[in-house]
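Asker: here is my input; please provide its structure:
(chains A, B and C)
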Amino acid sequence: MLKRYIYFFTSLITILLLIGVIYYVSLYYGLNEVPQQIMDKILLYRETRLIVALLSGLILGFTGSFLQSSLRNPLVDPYILGIGGGALFATYIYHLFFKITNLYWGALIASIGGLTALTLTLVIAETIGGSDVAYVLSGIGVSSMFSGLSIAIYYIIISVNPAASYVYTLLIGSFINVTPSRIPIMFWSLLVLIISYFVFSKSLNALVIGDDYAKQLGYDPRFIRRIITILSGITASIVVMVSGIIGFIGLVSPHIARLIIKSSDNRLVIPISGLIGSLLLISTDNFSRIILSNLFGEIPVGALASSFGSPFFLFLLIKRFRGRV
Amino acid sequence: MVDKYKTILITVIIVIIVLVSVLVYFKYTVPAEYNISSEQTIVDALNRTISLNKTPERIISLAPSITELVFMLGQEDKLIGVDSFSYNSSYLGINYYCREHNISDVGGYWWSTIDIEKIISLNPDLILADMGAHIKLNQTFYEYGLTVIYLHGGSSSSINDIYSDIDIIANIFDVEDKASELKNNISLKIENAEQYAIENCLNGTRVLIVVGFYNGIWVSGEQTFIDDLLNNIGLDNAAEVTGWSIASIEDIARWDPDAIIIASMGIDYNVINESGLPLLKKPIIILNSTETDILVRPGPRLGDAALLIVYKLFNAIGGC
Amino acid sequence: MTLYKIVLDNVKVVYKKGKIIAIKNVNIVVKRGEVLGVIGPNGAGKTSLLKAIAGIIRYSGLIYINGYEVSHTPHKVIARILSYAGDMDIPEMLSLTVLDAILTSRYPISKSFFETEEDIKKALEVLEILGIYELKDRRLDELSSGEIRKVILAMALAREPKVILLDEPDAHLDMSSKIVVSRIIKKLSRRSITIFTTHDILFAINTASKIVLLRDGKIIGYGTIDDIVKKDLLFKTYNTRFKILLDPDTNKPVPIPSYE
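Answerer: Numbers count the residues shown, from 1 in each chain, chains lettered A, B, ... in the order given. Below you'll find the predicted structure:
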């Protein structure tokens, strides 16, 4: 069989094993003598956190690679579509007009904001031609607009509602406060992405080569781009809703995957990218929960993930491209 | 031939996915069980009505101002966990007390650094939280069956908010008398401060309170408890903004404060110089970390804060 | 066994909402076994013509490929019998290997999610034919422009289409590579219809069986080599004087442009 399948299966097995080991170790490590009822709650908490970290990593890894291929740009991640800025803006607006007593709706509002920004990006991109560059530029524009507005609004908010100065911490990426009721929706999102993987990975391979090339193979590049954008945007918004904004994973997991399996074939890259995302998030979350919390207190996962992942990513990069002019 | 096997494989996969989905759905959407019987109901700072089925005996405090209130109301024996800032607070010997009585450090003060697992394992009857800093954990506490009561804490916009926090805690533990005593104590000190100000011709002085230098000069504006405090001791809050807000050096120049008090942790002269404040040629009073705590914590030391302000002012700009 | 035929009937292609007319009044019939060379100056509309036949841009008029009208046939159906090879611009870091790229061009006729043994066999075959077998594991962004041209050609041929459209297949190639490509095109022509564009008139003359002269979107001449390679037609097309010599070995005309 082809050499790259060997790399693929080796990486797949290794990563799955690593994830499995980390999962079970972190679930049962350091359980003190506590009554059964408490033990159950603690296990539920740990399990929930692990599963959400796993699912988030998978979703971000999948959508990152979908978008990099469909937009033919190695520098994009799910937030390129504007959902981060949109979620932040919506959250701020919500706090401007309502004295918040319960953040249950807060999460939903964040998602709606993200999806609104996504829709705007989509409409503008299609209006200016629907090419890969159109999407990237439109996304950057929409993202910046909402981020900028958010910063501006922040000051208005705290002057109207001084108690709301904490708003800027609301969307920090973190798995500390994840609750079991959020798991089903993440699971469905992942399912949709897995189905998309089977439907679209071949066409994404063609799309990377060029729009014209993909067309003469029988695909409709604009349609594919639209669907990928919608799916990625929605599922990434759901991650924002549950765990806040987690940068880095969506951008770097596909690249790490490509470097490890030495191929850019999306049929192989996408699943590995998802698993790398999971591995990164589950490791950093555990590191924070188990080691750091006893020393300094937990650190939000977004910050840690880049600290962990970047050196590894840079190492792979240098190994692969050393000596290139 | 091959197609038949493919169809079977796909059907099997779909069946597995459906089964797993159903499992996931039922495992994770059954809500927590709840005790409906209640001995007392408390209305907290978020206007939620919380039912407690007995007086709590194991409590966790998530903010230093709340911990101080718990101590001042004599309920420290019920503490089993506090936030990191409380754990290291020397006021009232809280740090020694915690270590002596095996009270756990649960992280924090900000929500994203709190160790939820530790809180769960401590099995508290009640968690006292800050409505600004910990609102994000509301749903989490709920789904893990933990009772939480929110106080105004750092979101206090007036002295009355702080009094209301005192009342809420007193209500929980049935120590209304201690609460009255504490409130009277605080009011007395505030009155003394006001008196001191009048006697020393400090009333009407325009004071600017600076609480931080992150990306700009953070000041305590209107509708903060500090603002209320200043008004109550007969001083004028020079900051013409609302809430905890960033001000530019031009704004501050325009407000023309008579004195600037800096209540911020870990600040050195470089930071202050860079902010441009010394250029205004106004008296700058820099508080040490203990004094900063007194001023910025919306807790039982409110009265001490009032006295601190007027004493420092007198030292800096003299009187009549 | 159907006789493959391509018919263009009054085809017109416009860009920018009609402001730019790329080609108009194009009427062409190409039969199986014929190799059509489309030549003309820059901006004549050569690429637009090919793209219209491939169905990847819009046109007015009618284009029939063996009875299927291109704009009314699903792309997927056309992709099984036709391939269009233009230029390629692959973003770095996302680049596939040569072999992977060739395999993508078999997608329209591939029935499974992963490639079959057959797919791999044909892909390697086509690499051999073009003499680039040793490039199979190299990444596309590491190739020279000549190597990329050959890969593009390989991609066009990998699914053995009945209609092959090649946009400047000889660009960036050195002399011997051009000849290899020319030979391959002629060999394929027996079982398919090939239409190519080029700037190299000699390449066209020695590869095609019929020539289309295009200028400003209009056909100046269309017919066999002997009919078309004439001084007046060439002048009308290129606005350049040509001397036409005869190659005694091949009996083909050799136009020489005047540099005065």
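Asker: can you give the contact residues for the helix or strand hosting B:Tyr96?
Answerer: When secondary structure is defined by DSSP states H and E, B:Tyr96 falls within helix B:94-100. Under the criterion C-beta atoms under 8 Å, 6 or more residues apart in numbering or on different chains, residues B:Thr67, B:Glu68, B:Phe71, B:Glu76, B:Leu79, B:Val82, B:Ser86, B:Tyr87, B:Asn88, B:Ser89, B:Ile103, B:Asp105 lie in contact with helix B:94-100. All C-beta spots, glycine's among them, are computed from the backbone N, C-alpha and C.
Asker: could you check the pLDDT of the residue of the stretch 151-300 of chain B found nearest chain C?
Answerer: Taking C-beta to the nearest C-beta as the measure, the stretch 151-300 of chain B has B:Asn215 as its residue closest to chain C, at 34.8 Å. pLDDT, the model's per-residue confidence, is 76 for B:Asn215.
Asker: isn't there a strand covering it?
Answerer: No. Using DSSP: H, G, I helix; E, B strand; the rest coil, the secondary structure at B:Asn215 is coil, not a strand.
Asker: could you find the closest non-adjacent residue to it?
Answerer: When the adjacent residues along the chain are set aside, B:Asn215 lies closest to B:Ile246, with 7.0 Å between them (C-beta to C-beta, 6 or more residues apart in numbering or on different chains).
Asker: tell me the secondary structure for the one you found?
Answerer: B:Ile246 ends up strand, using three-state DSSP.
Asker: what's opposite it in the beta bridge?
Answerer: Note on B:Ile246: beta-bridge partners by DSSP bridges are B:Trp218.
Asker: report pLDDT for it.
Answerer: The predicted local distance difference test score for B:Ile246 is 83.
Asker: which of the contacts of helix B:94-100 are buried? Put it as a PyMOL command.
Answerer: The following PyMOL line selects those of the contacts of helix B:94-100 that are buried, judged by 16 or more other C-beta atoms under 10 Å in any protein chain shown:
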select buried, chain B and resi 67+68+71+76+79+82+86+87+89+103+105
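Asker: and the contacts of helix B:94-100 as JSON lines, adding secondary structure?
Answerer: As requested, those are exported to JSON lines (three-state DSSP):
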{"residue": "B:Thr67", "secondary structure": "helix"}
{"residue": "B:Glu68", "secondary structure": "helix"}
{"residue": "B:Phe71", "secondary structure": "helix"}
{"residue": "B:Glu76", "secondary structure": "helix"}
{"residue": "B:Leu79", "secondary structure": "strand"}
{"residue": "B:Val82", "secondary structure": "strand"}
{"residue": "B:Ser86", "secondary structure": "helix"}
{"residue": "B:Tyr87", "secondary structure": "helix"}
{"residue": "B:Asn88", "secondary structure": "coil"}
{"residue": "B:Ser89", "secondary structure": "coil"}
{"residue": "B:Ile103", "secondary structure": "coil"}
{"residue": "B:Asp105", "secondary structure": "strand"}
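Asker: pick the one among the contacts of helix B:94-100 closest to chain A.
Answerer: Nearest to chain A among the contacts of helix B:94-100: B:Asp105, at 8.4 Å, using C-beta to the nearest C-beta.
Asker: now do the contacts for C:Arg191.
Answerer: Residues C:Arg32, C:Lys162 are the ones in contact with C:Arg191 under the rule C-beta under 8 Å, 6+ apart.
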